[in-house]
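> What follows is a protein structure lacking sequence information:
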């Protein structure tokens, strides 16, 4: 655009010279013609020139960054502070019973699983448990798994006692919608991990 502006200035100067100096008018008119042709050529070239493509960031998108797993972070911290805590109560010494599902916000969906958690240890108080939850939709005696979730949760169950627990059905990072049951729900809830402080560190229960 700067070149075009300069050429138009030259044209104006040549026009002025043509009027001021009649003897050189023919030369001025020829120069004006050449200048105008040059301007037209420049305009055409610029119009045909492809616009530079905007630089596209080639860096991969923050590939669905995984949300920070605070449960795992806390468990790792507890493991470092008390490595034996996860071994004091065997997985076989805890169990779920009276398992039932709570309806979700949408019709036919599940929002949470409620169960009674038993601690059959005669010595230690259960403070954390790991679980594996499987939800099956049974239609005409054929059961299909429609949801699978593993997680960790805190609880306080003294030796030889039980507590009611509630496990929320969450989509995690899968972006899946809560499971919908078209037939009959079959809930499979299995303990997979335990944690208990030493008897000397256990908090007194009411």
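Good, I have the coordinates. Everything numeric here is computed off the predicted structure, so don't read it as measured data.
> can you give me the strands for this structure?
For the chain, strands defined by DSSP state E occupy the ranges 94-103, 110-119, 126-139, 142-157, 161-168, 184-195.
> Point out where the protein drops to low pLDDT.
Where the chain drops to pLDDT under 70, the residues are 1-8, 10-12, 14-30, 32, 35, 39-41, 43-75, 171-177, 200-206.
> got the domain boundaries for it?
Structural domains annotated on the chain: 2-48, 85-195, as defined by automatic domain parsing.
> count of neighbours near residue 38?
Residue 38 has 15 neighbouring residues, counting by other CB atoms under 10 Å. Any C-beta I mention is one placed from the backbone N, CA and C, and that applies to glycine too.
> Residue 194 too?
For residue 194, using other CB under 10 Å, the count is 24.
> now do the one 5 residues further on
The burial metric for residue 199, expressed as a neighbour count using other CB under 10 Å, is 11.
> Then residue 181?
Residues near residue 181, counting by other CB under 10 Å: 20.
> Skipping adjacent residues, who's closest to it in space?
residue 137 (5.1 Å; CB to CB, 6 or more residues apart in numbering).
> just to revisit the earlier point, so which of the strands of the chain gets nearest residue 82?
Ranking the strands of the chain by proximity to residue 82 (CB to CB) places strand 184-195 first, at 8.5 Å.
> partner strands of that closest one, parallel or antiparallel?
strand 126-139 (antiparallel) (DSSP bridges).
> got the angle for the strand it pairs with vs strand 110-119?
Relative orientation of strand 126-139 versus strand 110-119 (axes from the mean of the first three to the mean of the last three CA atoms, to 10 degrees): 130 degrees.
> neighbours around the residue nearest to residue 135 when sequence neighbours are not counted, how many?
With CB to CB, 6+ apart as the criterion, residue 135 has its nearest non-adjacent residue at 3.9 Å, and that residue is residue 147. Neighbour count for residue 147, taken as other CB under 10 Å: 20.
> residues touching the closest residue to residue 89 other than its chain neighbours, list them.
Excluding the flanking residues, the one nearest residue 89 by CB to CB, 6+ apart is residue 194, at 4.2 Å. Applying CB atoms under 8 Å, 6 or more residues apart in numbering, one finds that residue 194 lies in contact with 86, 88, 89, 90, 91, 93, 94, 126, 128, 129, 130.
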